[in-house]
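>>> Make a model of this:
(chains A and B)
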Protein chains: 2
Amino acid sequence: MKSTQRAKTLARAAAIVAVFLCATVLPHPANAETGADAWLRYSPLSPQAAKNYERLPPQIVLLGDSPVLKTAQQELIQGVGQMLGRTLHVGIASSRNAIVLGTLTELPALIPELHPPQDLRPDGYWLKSTKFRGSECLIITASTDRGVLYGVFALLSKIARAESLADIDIATLDELQNPYAPIRWVNQWDNLDGRIERGYGGPSIFFVDGNVRADLTRAGQYARLLASIGINGCAINNVNAAPGVLEDSFIAQVSRIADVFRPWGVQLSLAVDLGSPKLIGGLDTFDPLDPRVAEWWRKKVDEIYRRIPDFAGFVVKADSEGRLGPSTYGRTHADAANVIARALKPHGGVIFYRAFVYNHHLDWHDLKSDRAKAAYENFHPLDGAFDDNVIVQIKNGPIDFQVREPVSPLFARLGRTNEAIELQITQEYTGQQRQLCFLVPMWKEALDFDMHIDANIADVNTTPVKALVAGRILHRPVGGFVGVTNVGMDATWLGSPLAMANLYGFGRLAWDPNLTAEKIIDEWTRLTFGNDPLVVKAITTMQLNSWHIYESYTGPLGAGTLTNILGNHYDPSPESSEENGWGQWHRADHAGIGMDRTIATGTGFIGQYPPAVQQLYESLARSPDNLLLFFHHVPYTYVLRSGKTVVQHIYDSHYDGADRARDFISQWKSLEGHVDNERYRDILTRFEYQAAEAIVWRDAICDWIYKLSGIPDSKGRFPTRLSH
Amino acid sequence: MKSTQRAKTLARAAAIVAVFLCATVLPHPANAETGADAWLRYSPLSPQAAKNYERLPPQIVLLGDSPVLKTAQQELIQGVGQMLGRTLHVGIASSRNAIVLGTLTELPALIPELHPPQDLRPDGYWLKSTKFRGSECLIITASTDRGVLYGVFALLSKIARAESLADIDIATLDELQNPYAPIRWVNQWDNLDGRIERGYGGPSIFFVDGNVRADLTRAGQYARLLASIGINGCAINNVNAAPGVLEDSFIAQVSRIADVFRPWGVQLSLAVDLGSPKLIGGLDTFDPLDPRVAEWWRKKVDEIYRRIPDFAGFVVKADSEGRLGPSTYGRTHADAANVIARALKPHGGVIFYRAFVYNHHLDWHDLKSDRAKAAYENFHPLDGAFDDNVIVQIKNGPIDFQVREPVSPLFARLGRTNEAIELQITQEYTGQQRQLCFLVPMWKEALDFDMHIDANIADVNTTPVKALVAGRILHRPVGGFVGVTNVGMDATWLGSPLAMANLYGFGRLAWDPNLTAEKIIDEWTRLTFGNDPLVVKAITTMQLNSWHIYESYTGPLGAGTLTNILGNHYDPSPESSEENGWGQWHRADHAGIGMDRTIATGTGFIGQYPPAVQQLYESLARSPDNLLLFFHHVPYTYVLRSGKTVVQHIYDSHYDGADRARDFISQWKSLEGHVDNERYRDILTRFEYQAAEAIVWRDAICDWIYKLSGIPDSKGRFPTRLSH
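Alright, predicted model coming up:
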C-alpha cells in the first residue's frame, strides 16, 4: 500500500505541474463577480429582452403586512429595478394597473370576480394576469405568505431568463405551480466551533467558536437563496450533534438565526443528540420509554417554541457511527423518534430520523455480511411504528453517497411511515466542489426509479421513488426531500460557482421532480451566467456530462467511489475499502471484483427489493452494467454488453474519463469573452486542476487493477511507468 | 442423571402403592353423571328455590328468526323446563306476560316506550323486567343476536344457581352486561389425524384420520358450552398447522364444523401455515411482499368466505420452533401478518399472529442469552406496523405457561398494535388435568398486574394487563383474550370434571376480568355440583388453594416448573432444563440457583419492562419472593422475607405442598353423600393419585437440591433413603 500511495503522490504532482504550465494564471480584478448572488444576480436585461415586460404594471399592491409578504414586495422591487431599470411604486388597494401580492384570504375582498384554482396547495402559487374595472393587474397569490414569495421569485426568474413572448406573455399569464411535496429542506452539517463536516466552502455561516455568529448577514442571504428555489426548512447544525445545542442559553442564541430566516419563510431546525436528557438534562437516563425522559423532551420543546414559534423540528442520528441511541435500553428507533415527536406534535413540529444506521464493525471475512442491508434491516421492521410527525430520512443509496449506487430498497418498504430522501449537495464522494459533478442526472435516476411495489397496494401503475418519498402513493401526511448542503463563508457558498448548480437543482427537483435535468441546468445557467446562447449551450453541456465523466475515472461499474474511505473521501485509494469493518467493500482480488449481493449465492441484499426489482438485479444477464459490481462478483474477464471484458472496461473508462475531463478546459476556453473575466479565470483554473486530478485517478486505479489481475491493457497504454 | 431418574421411579411406585392402599376403589355405576353437560346441567331446583321464579312469564315471544335467536329460544325452553319443571310456550308478538327475546332493531316496534341503555355494546345484553299495556314482561335484548343468546344463558345461570330474592327479583330485574373485550376466543391444538398436541381429554372432536368427523355432535355441544360463557370464536386446529387445511377440498369439510358452530354464535377460525402459497399453492415462493403471494391469499380467503360467510380469521405461528416464517425472505412478522390481514379485511376477518417466537438453539454457555427476551425483541420493534385487523397473541408470561412467571413485558410495549393474551386452559405444565390446579387465581394475577406505562400516554391511573390487551387504554379497535383449551372426545371434555372450572373461568374472565376468583369458582361449583352449601364451600376452597399447592411442590420461587421440558412436561426433571438450547434455564449449580435477568449484571430482561416495573424487579430486596429465582441468581443460603434460606424454603414448600395435596383426599371425602356417587368416586381416585404424585415430586426435587447444594434439611426429613 505504501508504494501505491507514493506512486499516486508522484503522479499527481507530475500531472498538476504539467497542466498548470498550459494555463494562464491571471490575478483577479478588483470588482470581480464573486458568485455571492448565485442565481439571484438580477443583471440588467438587454433592451430587446426587456420589451417582453413593458406591460408589467408599474406599481405593487400588497395585501397584508407579514414579514414574508414584505420580503416578497421588497424582492420584487429590487429584481424589477435591477433587471428592467424600472422602479415599482407601492400603491394602495384602489390603485389601478398593479401587481397584486396577497394570499387567498385577502384577495377576494379586492377582486371578488377572480376565481383562483381549486387545487392551489400550501406553498403553491398562482400567477395571473387579469383585467378588472378597466385596470390591468398581475396577481401573485397563494394560500400562504410563503407561496406569494415563491410566486415573486418565479416571476423574477422568468424575467431574468428573458423568457420569450412565446413562453410568457405578461398579459395572458396564468400559471399555477404546486410543490410536489411538503418537505423541501436542507441540512447543514455545521459544528458549533465553526467547522463543517464535509464542508468545502469555508467555515460556518452560523457558528464560530462555540457560539452563534454576531453578524448573521450571510445566514439571511442563505435563506433568500433557499426561498428562491422553494426550500422551506433548514437544519443548521451537524447530525453528529453537540448536546449543548439544547442548552437554554444556546437556544436563545439560535433564535437569532430563526429571526433572519423568518422573513424568507425558511423554518429553522436543529439536529439533536438522543442522549440529551442525560448528557445535559440532569437525568440519569435517556431511555425513550421512561416518563421522565418524555417529560424532559416536552419541557425542552416547549422552551424552544417559546423562543422560536415557527421552529420546524429536529433531525436525529442515533445508534450509528458511535452515536448514542435507543439500543442502550433495548428500545427501538421508533421509541426514540416517538418520544420526541410527541413533544413536538402540539406545536406542529416534525422529527427527521435518519435511516443511516449501520454497524461499522462488520466482519469483512463474512461473505454474507453487507452494510447495504443495514437500513432495511433496522427500519423495515419498524414500518408503521412511527408517529405521524416522524419522517424517516433515507439516503438515496444503501451505502453512502457513492458516485453510483442503486436506490435504497427501504423506499419501497416503509408503506406506513413518512419518508424523505436525503440527497447530498456537498460533493463528499464526488469531487468536493473542486471537480465538476452536476448531480441532478444522478438524483433523477434515483427519483425516477420505479420500485414496482404491489399495484394492489399502490393503486397506480408506477411507483417511482419520488412519489414514494413525497407520500403521494401511500397517502402519507408528510414527506419529501432533504439536501445536505454545507454552504460556508466562502463568497461562492459551496467553494465553486459551478457547484451551486447542485443546490439550485436540488431545490428545483424538490419542488418538481418531473423537471428534466436539461431544463434545470438551462435555468440555472441563464440565471448564473446570462442568456448568451453560446454560454448556455457550453455550460449546460459540460454540467450534464460531468457526472458520467467523474464516475468513469473514479468508480467503475457500480463498484463505489474507489476513494480513501477512511479519511478524506477524495483521493484514489481502493485498498482502503477492504479488510476493515466499514463495509464499503468491493471484494476485488486476483480473480475478480464486485460484491455478490444476490439472493442465490450472495449477501441476499437484492431480496430487500420488491420482486420485480429483485428479478432485474438478481440475474447477471439482466443487471445493468453500470451497477454490475454493486450486485455481482465477476471475473475480470467477464464480458459486458459492450463486448469488452470488465478489466478492459475499467482501463478504457479511466482513460476516456481523464480525456473528457481534460476536454472541459477547451470547452471552457471557448467562452472567453462571453463570461465575465473574473469567473472565466477562476473556473478555468478549476478545470485545469480537475484534468490533473483525473490523470491521478486514472493511473492509480489502472495500476491497482493491473497489479491485482495481471491482465495488461489491450491498447498498450498499460502497464505504465507507474506500474513497476 | 440416571440415578436421579431411577430414584424418582422408585419413589413414585412406592408412594402410589402406599396411597392406593388407603383408598376404597369402587366400580362406576351404570347411570353415572358423566360430566358431559359440564356447567349446563339444568338440574331441577328445590321447590323452595324454584319459588324465586314463580313470576317468570309463561311464554316466549321471539322477535326475529335467525339461527342464533332460535337457539336462544330453544335453550331457554330447555333450561326452564328442566330446572323449574315449567314448559314455556311460544307466543306471538301480541302475547301478554311474555319473555321477549329480540335485538334492539326489533324491540322498539313491539315496545316503543322501552328505552334500552345507551351503552349497550356488541355482544352485551340487557335483562329487564317491565310492565307494558298491563302485561308483565321480561325483556332479553341486545344489539346482536349473539347478545340475546348470552342474555338467555345469563338468566338460566341465575336460575341454576338459585340466586336468592335478595340477589334477583324477577319482577325488578334490570341488568346490563357488556363484555370487557371483543376478542373472547379459544384455540384448539387439534391435528388433522385426530391427535391433540398437549390435549389430555381424548382425541379430537373435529378431526379423525385426516378428515373432519362425520358426526359433529360433540362439536355442536362444545359450541354450546362456549356460547354459555360468552366465547365467540374458536380456532379448531393446531397452531403447528398442516398446510392441507387450506386445500379447497378441506375447506369444504371444515365448513360443516362452521355450520354446527353457527347457531351458537361461535365463529370458526383456522390456524394456517405461512408457507401455504408455496407448500400447497403452486407458487415458488411464500414471500409476503411478493404480489403473487398476496394474490394467492386473497383468492384463498375469498374461497373460504364463499363457503363460510361468518369465518372469523386465521391464527399464525411463524418462525418459531421450526415453523416456516417471513425470515426466509428477510421480511418481518408484520409483513407476514399484513399480507394475510389484507386478504381478510374486506370480509371483516382478523388474524392472530402469535408472539411465541424464539430461538430454541440458544447458547446455554452465554449468561446474557435469555429466551424470556425473545417476544419483546421480535415484536416490540414492529409496534404500529401491523394492520388494524391483526392481533398479536401473547402468552401471559415470557417463557411458556410455567406454574409461575411474571407477565410478558410485551403487553406494555405494543401501544399501537392490537393485543390478545394467550392463557392456557389445558394444563400442559400444571398437572395435565390429572392434578387439580385451578388457574383463575394465576390468570388474575397476570391480568391485574399494573404495567405502570406512562400516564401521559395512558391517560389513566392504572394500566393493568387486562385493560391493555382489551385495547381499552390505548383505544385499539380490537383485542382481548384467547384460551388454549384442547377439549377432546372424553365425556368430561378436558379429562377431568374439576378441570372444567378452568374453561368456565377463562370464559368468565374474558367477559369480565374484574370478577373475583371466588365469585367465578362459586358460580362454577353451583352450576356443576348444585347449591349444597357444604359442597360449595369445600370445592371452592380446594379449587382456590390448588394452584399454590401445585406450585409448592413443582416450581419453587419462580424457578419455573421443574419438569421434563424436553418431553412430557409432566414428570419432575429439573436437569432437563439445563445444558440445552431451549432456554428454560434455572441456572442451578453447587452454589446457587436462579436466572440473573437484571439490567445491572444479568441478561437485561428486566429492562424490557416500563421503568416502575423495572425498579420492582431489578432490586433483589424489592423482588417478590415468589419470583425471586426468575429474576435473580442467589446462593442457596440467601435469606427470604420469611427468614428461611432459599434451600430450606424449597425443602419446606415441597413437604408442605405434598401434605396439602394429600389433604385434598380428606376434604373430598367430607362430601360423600353430598355429591353424586359417580363423580364422588371418580374424583376421589384422582385426588389419591395426585397425593402420590406430589410425593414423587417432593422427593425428586428435594433430592436434586440436596445433591447440588450439599445442605441438609434443617428439620431432619432429609437426606432421605432416596438421597443415597
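>>> Show me which residues of chain A are close to chain B?
Taking CB under 8 Å from any CB of the partner chain as the criterion, chain A approaches chain B at residues A:287, A:289-292, A:294-295, A:329-330, A:332, A:334, A:373, A:376-377, A:380-386, A:413, A:416, A:454-456, A:604, A:607-608, A:610-611. Placement of C-beta: from N, CA and C, glycine included.
>>> Narrow those residues to just the buried residues.
A:287, A:289-291, A:294-295, A:329-330, A:332, A:334, A:373, A:376-377, A:380-386, A:413, A:416, A:454, A:604, A:607-608, A:610-611 (16 or more other CB atoms under 10 Å in any protein chain shown).
>>> Now, those that are in helices?
Secondary structure defined by DSSP state H assigns A:Pro291, A:Ala294, A:Glu295, A:Ala334, A:Tyr376, A:Glu377, A:Pro611 of those to helices.
>>> Just the closest of the residues you listed to A:Glu678, please.
Set against A:Glu678, the nearest of those by CB to CB is A:Tyr376 (48.0 Å).
>>> Return the per-residue confidence for the closest residue to the closest one other than its chain neighbours.
Among residues not flanking A:Tyr376 along the chain, A:Gln608 sits closest, at 4.4 Å (CB to CB, 6 or more residues apart in numbering or on different chains). Listed pLDDT for A:Gln608 reads 96.
>>> ok, back up a step: would you check which pair of the ones in helices among the buried ones among the residues of chain A next to chain B lies furthest apart?
A:Glu295 and A:Pro611 (45.6 Å).
>>> Run through chain A and note the low-pLDDT ranges.
Under the criterion pLDDT under 70, the flagged ranges of chain A are A:1-32, A:164-168, A:455-459, A:719-724.
>>> Just list the residues touching whichever residue of the stretch 501-650 of chain A sits closest to chain B, thanks.
When scored by CB to the nearest CB, the stretch 501-650 of chain A has A:Pro611 as its residue closest to chain B, at 4.7 Å. Applying CB atoms under 8 Å, 6 or more residues apart in numbering or on different chains to A:Pro611 gives the contacts A:His452, B:Thr285, B:Asp287, B:Leu289, B:Asp290, B:Pro291, B:Arg292.
>>> now do 10 Å
A:His452, A:Ile453, A:Asp454, A:Glu618, B:Thr285, B:Asp287, B:Leu289, B:Asp290, B:Pro291, B:Arg292, B:Val293, B:Tyr329 (CB atoms under 10 Å, 6 or more residues apart in numbering or on different chains).
>>> Same check on A:Phe314?
Contacts of A:Phe314 (CB under 10 Å, 6+ apart): A:235, A:241, A:245-246, A:269-272, A:274, A:297, A:301, A:304, A:337, A:340-341, A:343-344, A:349-353.
>>> what comes up buried for whichever helix or strand A:Tyr689 is part of?
Using DSSP states H and E, A:Tyr689 sits in helix A:677-709. By neighbour count on 16+ other CB under 10 Å, the buried set for helix A:677-709 is A:678-706, A:708-709.
>>> Relative to A:Leu498, how far out is the residue nearest to A:Lys669 when sequence neighbours are not counted?
Nearest non-adjacent residue to A:Lys669, counting by CB to CB, 6+ apart: A:Leu684, 6.9 Å away. With distances taken as CB to CB, to the nearest Å, A:Leu684 is found 11 Å from A:Leu498.
>>> before we move on, the earlier item: from A:Glu405, how far off is the residue nearest to A:Tyr376?
14 Å.
>>> which residues are common contacts for these two?
Joint contacts of A:Gln608 and A:Glu405 (CB under 10 Å, 6+ apart) are A:Ala372, A:Pro398.
>>> Can you give the distance of stretch A:97-114 from its chain's centre?
36 Å (CA atoms, centre = their mean, to the nearest Å).
>>> next one: stretch A:564-572
21 Å.
>>> now stretch A:525-536
For stretch A:525-536, the distance to the chain centre is 23 Å (CA atoms, centre = their mean).
>>> for that stretch, which positions count as buried?
A:Thr525, A:Arg526, A:Leu527, A:Thr528, A:Phe529, A:Gly530, A:Asn531, A:Asp532, A:Val535, A:Val536.
>>> Kindly report the same for stretch A:246-259.
Applying 16+ other CB under 10 Å to stretch A:246-259 flags A:Leu246, A:Phe250, A:Ile251, A:Gln253, A:Val254, A:Ser255, A:Arg256, A:Ile257, A:Ala258, A:Asp259 as buried.
>>> Now the first one. Nearest residue, chain neighbours left out?
Once its chain neighbours are removed from consideration, A:Leu246 has its nearest residue in A:Ser276; the separation is 5.1 Å (CB to CB, 6+ apart).
>>> And that neighbour, how close does it get to chain B?
From A:Ser276 across to chain B, the span is 18 Å (CB to the nearest CB, to the nearest Å).
>>> How about A:Leu69?
39 Å.
>>> Next, the buried residues of the helix or strand where that residue lies.
Applying DSSP H and E as the criterion places A:Leu69 in helix A:67-84. Judged by neighbour count using 16+ other CB under 10 Å, the buried positions of helix A:67-84 are A:68-73, A:75-77, A:79-80, A:82-84.
>>> Tell me the one of those nearest B:Ile399?
Looking across the buried residues of helix A:67-84 and measuring by CB to CB, the closest to B:Ile399 is A:Val68, at 60.7 Å.
>>> who's in contact with that closest one?
A:103, A:144-150, A:227, A:262-266.
>>> Name the nearest residue to it, ignoring sequence neighbours.
A:Asp145 (3.9 Å).
>>> now do A:Arg184
Using CB to CB, 6+ apart, the nearest residue to A:Arg184 is A:Ala510, at 3.9 Å.
>>> again with A:Ser546
A:Leu436 is the one closest to A:Ser546 (CB to CB, 6+ apart), at 4.2 Å.
>>> next one: A:Trp582
Nearest non-adjacent residue to A:Trp582 (CB to CB, 6+ apart): A:His360, at 5.3 Å.
>>> So that neighbour sits against A:Arg371, correct?
Yes: counting by CB atoms under 10 Å, A:His360 touches A:Arg371, with 8.0 Å between them.
>>> So which of the two has more stuff around it?
Taking neighbours as other CB atoms under 10 Å in any protein chain shown, A:His360 and A:Arg371 compare with A:Arg371 leading, 21 against 14.
>>> quick one, helices of the stretch 401-550 of chain A?
Secondary structure of the stretch 401-550 of chain A by DSSP state H, counting those that start in this stretch: the helices cover A:440-448, A:455-458, A:465-469, A:500-511, A:517-529, A:533-554.
>>> Quick check: which helices or strands does the third one pack against?
So that's helix A:465-469. Secondary-structure packing of helix A:465-469 (3 or more CB pairs under 10 Å, 6 or more residues apart in numbering or on different chains; DSSP states H and E): strand A:390-395, strand A:418-424, helix A:440-448, strand A:480-484, helix A:500-511.
>>> Restricting to C-alpha, output it in CSV.
Taking C-alpha atoms only, helix A:465-469 is exported to CSV below (Å, rounded to 0.1, in the frame of the first residue of the first chain):
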residue,chain,number,x,y,z
VAL,A,465,-39.1,6.8,-5.6
LYS,A,466,-40.0,10.4,-5.9
ALA,A,467,-43.7,9.6,-5.5
LEU,A,468,-43.0,7.3,-2.6
VAL,A,469,-40.9,9.8,-0.6
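>>> Quickly list what's touching both of A:Leu684 and A:Leu498.
In contact with both A:Leu684 and A:Leu498: A:Trp668, using CB under 10 Å, 6+ apart.
>>> Understood, closing this out.
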